[in-house]
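give me a model of this one.
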Amino acid sequence: MMRRLIVLLCLVLPLAASAQIGNQWQTMLSSFTTAVAPATPAAAVVKATPGAVTSVTCFNILATPVYIKFFNATSVTLGTTSAVMNMMCPGNTAGAGFVVPFVNAMYFTVGIEYAVTGGIGLTDNTSITATSVIVNIGYN
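Numbers count the residues shown, from 1 in each chain. You can find the predicted model right below:
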């Protein structure tokens, strides 16, 4: 019985270790950018070359939700360019928000840009109240 257990452990443990290493991002280190969203939406460049978003946090003190739009681009015209991802940051005058670490990073083949707007549409450019929303983005 003991011999079978040892053989079983020898077969299982190396596979478990290999699977864990295989699921890791190339590096566990991320660069970060942080911003307080302006009243007039503007696209902000996170990275002007291909890269990956590893985490997003958003905190909102407005009564209404705001929307973080991500663009796979190096040049964005708000109101025209369509976002490839849209995240809602809930509103609450006492503060609300979210923290999202991505197990599998979101890869952008062109560049990473984002904007914070007041409307849900992928091309929306609705203004928000200045100094009410904080956005942090982890990226590689």
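
my guess is S55 meets M106, correct?
No: S55 is not in contact with M106 according to Cβ atoms under 8 Å; the separation is 10.0 Å. All C-beta spots, glycine's among them, are computed from the backbone N, C-alpha and C.

what kind of secondary structure is the closest residue to S30 other than its chain neighbours in?
In space, and not counting its chain neighbours, S30 is closest to G138: 3.9 Å by Cβ to Cβ, 6 or more residues apart in numbering. Recorded secondary structure, G138: strand (DSSP: H, G, I helix; E, B strand; the rest coil).

how close does G138 sit to S31?
Counting by Cβ to Cβ, to the nearest Å, the gap from G138 to S31 is 7 Å.

who's in contact with A42?
Residues counted as contacts of A42 (Cβ atoms under 8 Å, 6 or more residues apart in numbering) are L78, A115.

how much space separates it from T77?
Distance from A42 to T77, by Cβ to Cβ: 11 Å.

now S30
From S30 over to T77 (counting by Cβ to Cβ), the distance is 28 Å.

those two: which is more packed in?
Each of S30 and T77 has its neighbours counted (other Cβ atoms under 10 Å); S30 has more, 16 against 11.
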